[in-house]
Every structure is written in C-alpha cells, then in structure tokens.
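# only geometry, no sequence info:
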C-alpha cells in the first residue's frame, strides 16, 4: 500500500512539474551539424564529454565558472549556441554556475528527469542536445528560478571577445 501510494505521489508530482522552455524560434546562428562521436571525443575533455553526452555532473566548487565574475556570455561547448549571460549570473552557494534566466529561451530546452526520487527539470541545448544541468524554483527575483549549470557544458566568451568570436549582437547587453 505504502509503495503504491509513493509511486502515485511521484507520478502526480512528475505530471505537475512545470516546463520552463518556451516554443522554439528560428536561430539567428548558422545551422549546426553534430560531429561524429569520435570527433567530439577529440574536441572535448573527458569531463566535457561525460557531462554533455552522458548526462554527467561535474564536482561542485571544482569547475571553471562557478565563481567567474567577468562580463560576457556562456555558450554551449559543443555547438556555440548562446545560453546564458553574466548579467543574470548569481552566487547560489552550490558550487556550480547559477543563473536566474537564460540569454535565449529558444536555445535552452527542458525535459523531465526522473533519475532521483523526485522529478527534476533537466536543461539541454537545442541544437547540440548537450546536457547542461537543471532548473529549480529556488532562485532570486525576478524569475525565482535557479538554472544550475555544469561549467563543463559551457564555453565562456568574455565581453571583449564577443565581436571577434561572432557574438556581436550581444555587445548591447553590456553597454551602459
């Protein structure tokens, strides 16, 4: 009886969990073609590959961007899709980079994750389908969300390099 009740509660929780992605819009970036797995393994570090391709999680406080305070944007390490901005980054104390919003809702896709006892909302990049992390409802205003992201899934593009790396349209975010 207790086991059946627990399963029913978990199922109902999963059904009631909100989705945070909005309908996809056409990307302003060139189309992306996923490279073969062996090529991807050569391009990425073992941690980057495990996180993005095998839904891994890097250790907290032992990753590149958890305490990065430099201005710029964070893009998918595999495809280069713009995902997050330093403007929406905050210190969550979790040991992973945390953001209260995305830079581009159409580039971040959410789906249900049932790997733990309670369902979570997993985040993936749209074009590369890279596992990024999860979103939780315990973040700061104005959204109340915490996008908890693995540094290994990201490449940071500093504000001063946005134009040279092809992300000039994001320069306006950092103009005063």
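Okay, I see it. Just so we're clear, the structure is a prediction, and the values are computed from it rather than from any experiment.
# from residue 109, how far out is residue 138?
21 Å (Cβ to Cβ, to the nearest Å). From N, CA and C alone the C-beta is placed, and that goes for glycine too.
# neighbour-wise, which of these two wins?
Applying other Cβ atoms under 10 Å to residue 138 and residue 109 shows that residue 109 carries more neighbours, namely 19 against 11.
# give the helix, strand or coil label for that one.
On the three-state scheme (DSSP: H, G, I helix; E, B strand; the rest coil), residue 109 is labelled strand.
# okay, and the beta partners of it?
Counting by DSSP bridges, residue 109 is bridged to residue 124.
# please begin residue numbering at 4 from this point
Sure thing, new numbering starts at 4, so read that last one as residue 112.
# and stretch 137-144, end to end?
Stretch 137-144 has an end-to-end distance of 18 Å (Cα to Cα, to the nearest Å).
# and residue 86, what does it touch?
76-79, 105-107, 110-111, 128, 135, 152, 157 (Cβ atoms under 8 Å, 6 or more residues apart in numbering).
# relative to the helix or strand where it lies, what are the paired strands and their orientations?
If you go by DSSP states H and E, residue 86 is part of strand 85-88. According to DSSP bridges, strand 85-88 forms sheet pairs with strand 75-79 (antiparallel).
# could I get the full set of helices for this protein?
Under the criterion DSSP state H, the chain contains helices at 5-19, 40-46, 49-57.
# enumerate every residue touching residue 99.
Residue 99 touches 61, 63, 66, 69, 136, 151-154, counting by Cβ under 8 Å, 6+ apart.
# and for residue 61?
Listed by Cβ under 8 Å, 6+ apart, the contact partners of residue 61 are 50, 54, 99, 153-155.
# show the contacting residues for the residue nearest in space to the middle of the chain.
Central residue of the chain (Cα atoms, centre = their mean): residue 135, 3.7 Å from the mean position. Contact partners of residue 135, counting by Cβ under 8 Å, 6+ apart, are 55, 79, 86, 111, 126-128, 152-153, 156-157.
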